[in-house]
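Novice: The sequence and its predicted three-dimensional model are supplied below.
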2 protein chains.
Amino acid sequence: MSYTISQVAEKFDLTAHTIRYYDKEGLLPFVDRSKSGIREFSDSDLEWLKLICCLKNTGMPIKQIKQYIEWCLQGDETLEIRRQLFLDHRKEVLKHMADLRENLKLIDFKLKMYDTGCNIPVPR
Amino acid sequence: MSYTISQVAEKFDLTAHTIRYYDKEGLLPFVDRSKSGIREFSDSDLEWLKLICCLKNTGMPIKQIKQYIEWCLQGDETLEIRRQLFLDHRKEVLKHMADLRENLKLIDFKLKMYDTGCNIPVPR
DNA sequence: ATTCAACTTAGAGCAAACTCCAAGCATTTT
DNA sequence: AAAATGCTTGGAGTTTGCTCTAAGTTGAAT
């Protein structure tokens, strides 16, 4: 069984346009085509796409995701460098989350000001 | 005491270019100028900029930050709408953090695969 | 057989957020 | 006084990640 581009788009809350764009950028070299050239996504392809969306949604640029895909296709000789990519990316995600938590404190402080009516926001 | 644009840039890890861009976009209408036209940032201005960076770093678009600044300048009649903006934005930040936590699970799973050598990444 | 929906491509267009440049003042140092 | 540094502006250029259009093909339904 395989999926059309619009079925996949629906599943991942993307547009077919976006998926074609990802393909054009080299993120989906493994997706097969029918004899008339139509993309046929397998379950394995969906797993790949899930990972691609995960990396994208955590802030990895498309070029770096493409690099990762290329390393995957190269086989075991790139295992260590791929592992390092995940380690580095994980660190960045944790940093980003910590930054968000920190910024949230100021947002909560502002909200407390608004809620207590004790509102001398910041202006002179 | 006041600060020059490059002192402020240093303090906030921005470039002077970026700060001028923010000014041009209407984010810094409160910053005074010397008689020769040079920006003179007060401590209060730094507080404003801190909030602007907080909103920007948590994903608020510059246009919306500009809207917020305009509401501030309009005075107390916009208090409730500003409070609502912070409430809505807080909700989005929490959603974003939850998404990151969720995505982190897959990253951690991949790392576990690499670390255990049990590496059948995803390809067919 | 024709119509319709969904697929294909190349390539143009767009919005956001910078980033930089040229040309010109202002202030401080030599 | 001249040079160096740092500020100013308008406006052009860049990058990223889409987003859309036009023209065409395919395959199923009427």
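Specialist: Right, received. Where do you want to start?
Novice: Just confirm A:His89 contacts A:Leu55, I think it does.
Specialist: Yes. Between A:His89 and A:Leu55 there is a contact under Cβ atoms under 8 Å: 7.0 Å. No exception for glycine: its C-beta is placed from N, CA and C like everyone else's.
Novice: More neighbours: which of these two?
Specialist: A:Leu55 (25 against 21; other Cβ atoms under 10 Å in any protein chain shown).
Novice: hang on, A:Glu40 is in a helix, isn't it?
Specialist: No. Counting by DSSP: H, G, I helix; E, B strand; the rest coil, A:Glu40 is not found in a helix; it is strand.
Novice: so what's it closest to, chain neighbours aside?
Specialist: A:Ser2 (4.0 Å; Cβ to Cβ, 6 or more residues apart in numbering or on different chains).
Novice: tell me which parts of chain A are close to DNA strand D?
Specialist: Residues of chain A lying close to DNA strand D (Cβ under 7 Å from any atom of the strand) are A:15, A:17-18, A:20-21, A:34-38, A:56, A:61-63.
Novice: from those residues, which are also near DNA strand C?
Specialist: Okay, of these touching DNA strand C (Cβ under 7 Å from any atom of the strand), that's A:20, A:37-38.
Novice: In TSV, list these along with neighbour count.
Specialist: Formatted as TSV, these follow (neighbours: other Cβ atoms under 10 Å in any protein chain shown):
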residue	neighbour count
A:Arg20	14
A:Gly37	6
A:Ile38	11
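Novice: out of the residues you listed, who's nearest B:Arg101?
Specialist: For those, the residue nearest B:Arg101 by Cβ to Cβ is A:Arg20; the value is 30.3 Å.
Novice: Would you mind listing the residues in contact with that closest one?
Specialist: With contacts defined as Cβ atoms under 8 Å, 6 or more residues apart in numbering or on different chains, the neighbours of A:Arg20 are A:Ile5.
Novice: cool, A:Leu27 as well?
Specialist: Applying Cβ under 8 Å, 6+ apart, the residues contacting A:Leu27 are A:52, A:62, A:65-66, A:69.
Novice: Name the helix or strand for A:Lys112, please.
Specialist: helix A:79-116 (DSSP states H and E).
Novice: Which strands and helices lie in contact with that helix?
Specialist: helix A:62-74, helix B:43-57, helix B:79-116 (3 or more Cβ pairs under 8 Å, 6 or more residues apart in numbering or on different chains; DSSP states H and E).
Novice: Understood, closing this out.
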